[in-house]
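>>> sequence? don't have it. structure:
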């Protein structure tokens, strides 16, 4: 096996490598001590993250930008929950068109001690015939396609000043960086998988979308959140029919209602364990 010497460019210093590994160790220790006790089985605070925003438009179709689609759906999901699930506090990483760095998104959820983190995105591919939804949880990617999605979503960190220092040497384009992700096993992976499965079931059975399933990949924002968390790709803007659906009011309502119903089912399931 080839020995991994650096996790970024050839100029990466040993200090940065050590910093990233120390960060990994800290999160391993956090996760190992974060398994909830019986009294913690409540889902009272959630953070809804509209992907991209501001100077980061995300991907795009012929007319629609990812940052606009994700914001509209995120606000609709939050409204459904606020109006129909009493006692749940809904927080947002953004409620308008502004840029929020990945580490800030995770920090918002961690500071709030949220019980669930939902990150909403839209997909893109060079093959316009591909369409469908997919929901990701944090994990080691099992296909090149999953890796490509993670690289694209993580590449936003390159827009941040001093990103090599802020993200402890993590390089979104380095395979070695993603290998280091495999050193951690989230204490919340099982709960994340349960929620992700409920989302894709709703999309397929109630919303009538083509579900590409639940997948795993190394998303920075999921890795840094100390709670069950998912990243939802609501469809491909590079597919003309799906783009038209996602930019329509009805399409956004249907996607948001699917996520909302999945949340209700998840909350009921988790709290019934107690």
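Alright, I've got the coordinates. Since we're looking at a predicted model, the values are computed, not measured. Numbers count the residues shown, from 1 in each chain.

>>> what about stretch 215-227, start to end distance?
Taking C-alpha to C-alpha, to the nearest Å, the first and last residues of stretch 215-227 lie 18 Å apart.

>>> again with stretch 208-226
Counting by C-alpha to C-alpha, the terminal residues of stretch 208-226 are separated by 32 Å.

>>> change the start of the numbering to 34 and stick with it
With the count now opening at 34, the last piece we talked about shows up as stretch 241-259.

>>> from the chain's centre, how far out does it sit?
6 Å (C-alpha atoms, centre = their mean, to the nearest Å).

>>> what do you get for stretch 240-259?
That offset, for stretch 240-259, works out to 6 Å (C-alpha atoms, centre = their mean).

>>> Next, the buried residues of that stretch.
240, 242, 244-245, 247-259 (16 or more other C-beta atoms under 10 Å). Bear in mind the C-beta positions are built from the backbone N, C-alpha and C, glycine included.

>>> Next step: these restricted to helices.
253, 254, 255, 256 (DSSP state H).

>>> right, and the first one touches residue 134 too?
No: with contact defined as C-beta atoms under 8 Å, residue 253 does not reach residue 134; the gap is 10.2 Å.

>>> Can you list the low-confidence ranges for the stretch 34-183 of the chain?
For the stretch 34-183 of the chain, applying pLDDT under 70 flags the ranges 34-73, 173-180, 182-183.

>>> hey, where'd the strands end up in it?
78-83, 122-125, 149-156, 166-171 (DSSP state E, counting those that start in this stretch).

>>> export those to JSON lines and tack on mean neighbour count and distance to residue 306?
As requested, those are exported to JSON lines (neighbours: other C-beta atoms under 10 Å; distance: least, C-beta to C-beta, whole Å):
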{"stretch": "strand 78-83", "mean neighbour count": "26", "distance to residue 306": "18"}
{"stretch": "strand 122-125", "mean neighbour count": "17", "distance to residue 306": "21"}
{"stretch": "strand 149-156", "mean neighbour count": "27", "distance to residue 306": "15"}
{"stretch": "strand 166-171", "mean neighbour count": "26", "distance to residue 306": "19"}
